[in-house]
Structures are given as C-alpha cells and as structure tokens.
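> Please find the sequence and the predicted model below.
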Amino acid sequence: MGRHWLGGRGTSGRAGLDRRRPCEGFTLIELLIALMISTIALLALAATLAAALKVAGLQKTRTQGNEVATQAIEELQRLDYDHLGVCALPSGPAPAGLSDPVYLANCTSPTYAEPCTPTVGQVPASSYTCTRLGIGYQVRRYVAWGDSTHTNKRLAVFVDWTDQAGAHQVAQQSSLRSPDQGSVIGLPPPSFTSTSVVVAGNPASAGNPVKLVDGVVQTPVTFQASTSGLPDSVFVSFLHLGATGPVASTLELTASGGGAWSATLPAGSSQFSFGTGTQYVTFVAVRSADGKVNSQPNGQIVSFVACQTGGSTVRQAPTRRASAPSRWPRPLPGSTRPGCSAAISPSAPPPATSPPQTRSRPASRR
C-alpha cells in the first residue's frame, strides 16, 4: 500500500511556513507607550529651554543695571573736584558711610545733569529714572566727605529695578582725594603779606602823585602785593571817573611766583579815567576752591594831580584820611605837553621864585 505523503506533507508544510513568517508593524499599546515617552522628553526639554531663556533675560537686565550705574558714576568722576557735590539728597535714608554730604553753593535754580537722556547741566542730578528695554532703573547718586578733615570725597551710585524675578539692586562706589591743599575745606582765607602802590618807580604819596592830562595817567602806576594762603586771583579795587561820576572798578594782578602779584597802568593808558584828589586803593585775594576772599586797604594814600597848559599843575589839598574815598571834581582841561611830566616831577627842584617884596612901615610916634 502506498503512503499518502501529499496530505501530511502539505499540512505540516503550511504550519512551518506560518511559523517562519516575520512580524509586521506595532501594536496599539506599543504606540501609546512610545508617544508617552516622547511627550515626557519634550516637556523636560521645553522646561529646560524656558529656564535658560529666563536666566538669559535676568542676566541681560542685570547687565543693563550695571551699565546704568557705571554711566552714572563716570559722569561724577568727570566733574572738577572743587565743583563735585549735590544740591539735595535722594529720597530715603542715606546708606552707611554717606551721611556727610557735600553740598554745592550754586543751587539757585540750577540745570541738573544726568547721563541717561542725556541732559547737560551745572549740577549733577542726585536721582533720576533711566528706562532700558522696557524696564525703569531708579538711580540714586551720593557725594559725601570721606573723612572729618574733608580731604577726600566718596562717590556712590545705587540702581534699583524690578523684573519678572523680583526686585534687584546694584551699587558702585569710588573715592577721590583732594588734588591740592587749596581744595581742602577748612583752610583759613588767603591773606596779604604786603601791598604797595608805586608811581614812576617810587612809593605813592602826596609828594609823589599820579599825573593826569584830561584824566589819563601820564606816569606809570604799579600795584604790587605779596600773599599767602594759596589765592588763585588777586585784584586791586579803586575809583575812576565814569559818565555820571566816580565808579568802582577792579584791575586783576598777574602772579609772578612765590606769592607775588603785580599789575601796571602804563603812562598814557586810557583804560581808566581819573579825577584829581586822593584815594585809598584796596587789594582783594580770592581762592575759588572754597570761595574764600580776603581784602586789605593799602596803607599808602594815592594822590592825583592834573597837568595844565604850560606845564604847571594844580594840586588839591589832601583830604583827611577816611574809610570812603573822596569824590573828585572833573579833571581840569589841558593838553599833553612834553614838559608836563618833568615840570611836576617830585624829583625835580621847584622853579625859582623871587622873594615877595615888603615895605617898611615907619614906626609910629606916641
């Protein structure tokens, strides 16, 4: 009998083929699990990215705050030491170490300077608002004495702002030392060691007057002063003739070293017009570092005489010494003649005059 190999072979052959067939695609459960894992990873990545962006934004606002503070303190440092101060303090209590502010004197309706806008002015603004990237930075600036002897100044800037992370503050401080002794507040005012008025090389006096022709000096007049106390300018004050009468005026002296100052009105100078008479001139020393001034009247009386046509002079009797200068009459008319100066020079001998004639009167008889 023959065996039926075909049926058995066929059945067993299909089963073998089914076992060897590969799997195709994913099941629904596998897809859900993969989607959940991907979502968790993306959410974690998004949170990390958001945190990084927030940190970057905070760093940017802090950088802007530091730039505002640096800009504010650099403007203070550019100011001259003697004019570095404030007119008013920012609102609120002063920080520690800044309780002795430096106040300026020129605070009558000043223009306040601040670098954010920018605004140019004579006095630095102690507080202002600077807006950067939509955030308002509140700036407070302080200028205070660094020690009790006022030899240095402390500068401080505080910048406050609020962003999405909350309130923040940055601060910058620096110190400036007085550049010279004259800038130290508390020094005594400048003083005079000596003063003098020299006319034609000799001290001014009633016997050595200033010669005038139509109010113009015909002899050189030199004003000299020796000072101490570090003044940076010296003036001499006197009266000269104006359109309506005597007018007070000043002439600045030039420093010649070692505290010596001098100025000369040359012969023929029409800078000032004088009248005949006498007056006392006053020397004034100024130290602009602290605004201190000192004045001293000169001890020598200065006489003014007018030359007339013919070389003669008319002298006005010296007035008694008084605190206020005398008011002169108008200078007498005359003309500049070559012999005018020599005719009235105090070193020249007076012209010879014949003695007055006298008549003898016979004695009366009793």
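Received, thanks. Residues are numbered from 1 along each chain as shown.
> per-domain residue ranges of this protein.
80-179, 191-343 (automatic domain parsing).
> Which of the ones you listed sits closest to Ile29?
The minimum distance between Ile29 and the domains of the chain falls on domain 80-179, with 42.7 Å, by CB to CB. Just so you know, the C-beta spots here come from the backbone N, C-alpha and C atoms, and that holds for glycine as well.
> end-to-end on that closest one?
End-to-end distance for domain 80-179, by CA to CA, to the nearest Å: 10 Å.
> Give me the residues contacting stretch 42-59.
Contacts with stretch 42-59, where a contact means CB atoms under 8 Å, 6 or more residues apart in numbering, come from Asp163, Gln164, Ala165.
> Distance check, Val86 against Ser174.
Here Val86 is placed at a distance of 15 Å from Ser174 (CB to CB, to the nearest Å).
> between those two, which one's more packed in?
Set side by side, Val86 and Ser174 give different neighbour counts by other CB atoms under 10 Å, the larger being at Val86 (22 against 13).
> mean confidence score for the host helix or strand of Thr63?
Counting by DSSP states H and E, the secondary-structure element that holds Thr63 is helix 28-78. On average, the pLDDT along helix 28-78 is 89.
> After that helix, which helix or strand is next? Please name it.
Once helix 28-78 ends, the next helix or strand along the chain (criterion: DSSP H and E) is strand 112-113.
> so what strands line up beside the helix or strand that that next one is followed by?
Beyond strand 112-113 in the direction of the C-terminus, DSSP H and E gives the next helix or strand as strand 123-124. As defined by DSSP bridges, the strand partners of strand 123-124 come to strand 112-113 (parallel).
> Contacts made by the partner strand with the rest, please.
Residues from elsewhere that reach strand 112-113 (CB under 8 Å, 6+ apart): Glu75, Cys87, Thr119, Val120, Gly121, Gln122, Val123, Pro124, Ala125, Tyr128.
> Now the residue nearest the centre of the chain. Nearest residue, chain neighbours left out?
With distances taken as CA atoms, centre = their mean, His83 lies nearest the centre of the chain, 3.8 Å away. In space, not counting the residues next to it along the chain, His83 is nearest to Leu104; the distance is 7.1 Å by CB to CB, 6 or more residues apart in numbering.
> What segments of this protein are helices?
Taking DSSP state H as the criterion, the chain carries its helices at 5-19, 28-78, 340-343.
> what's the most buried one of these?
Ranked by mean neighbour count under mean count of other CB atoms under 10 Å, those are led by helix 340-343, which reaches a mean of 18.
> The residue nearest to Val281 when sequence neighbours are not counted - how many residues pack around it?
Closest residue to Val281 in three dimensions, ignoring its sequence neighbours and counting by CB to CB, 6+ apart: Phe238, at 4.5 Å. The number of residues packed around Phe238, counting by other CB under 10 Å, is 22.
> quick one: Phe238 from Ala285, how far?
16 Å.
> hmm, back to that, which member of the contacts of stretch 42-59 is positioned nearest Gly134?
Looking at the contacts of stretch 42-59 and their distance to Gly134, the nearest is Asp163, at 9.6 Å (CB to CB).
> Spatially nearest residue to that closest one, not counting backbone neighbours?
Once its chain neighbours are removed from consideration, Asp163 has its nearest residue in Thr61; the separation is 5.0 Å (CB to CB, 6+ apart).
> for Ser196, same thing?
Counting by CB to CB, 6+ apart, Ser196 lies nearest to Gln224, which is 4.8 Å off, once chain neighbours are set aside.
> Spit out the contact partners of that neighbour.
Ser194, Thr195, Ser196, Val197, Val198, Ala260, Trp261, Ser262.
> and those, which two are the farthest apart?
Val197 and Ala260 (15.0 Å).
> Give me the more crowded residue out of these two.
Ranked by neighbour count (other CB under 10 Å), Val197 and Ala260 place Val197 first, with 23 against 16.
> hmm, back to that, adding pLDDT and distance to Trp145, write the contacts of Gln224 out as CSV.
Output for those, formatted as CSV (pLDDT from 0 to 100; distance: CB to CB, whole Å):
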residue, pLDDT, distance to Trp145
Ser194, 94, 36
Thr195, 95, 35
Ser196, 95, 40
Val197, 96, 42
Val198, 95, 44
Ala260, 95, 34
Trp261, 96, 32
Ser262, 96, 37
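> so what's Thr278 bridging to?
What pairs with Thr278, by the bridge criterion (DSSP bridges), is Ser303.
> is it true that it touches Ser303?
Yes: with contacts counted by CB atoms under 8 Å, Thr278 reaches Ser303, the gap being 5.0 Å.
> right, so of the domains of the chain, which gets closest to Phe26?
Using CB to CB as the criterion, the shortest distance between Phe26 and these is 43.7 Å, found for domain 80-179.
> low-scoring stretches of the chain, by residue?
Scanning the chain for pLDDT under 70 picks out 1-24, 106, 182, 186, 289-290, 308-366.
> ok, Ala69 touching Val159?
Yes: Ala69 is within contact range of Val159, at 4.6 Å (criterion: CB under 8 Å).
> if I look at these two, which residues touch both of them?
Joint contacts of Ala69 and Val159 (CB under 8 Å, 6+ apart) are Val139, Val170, Ala171.
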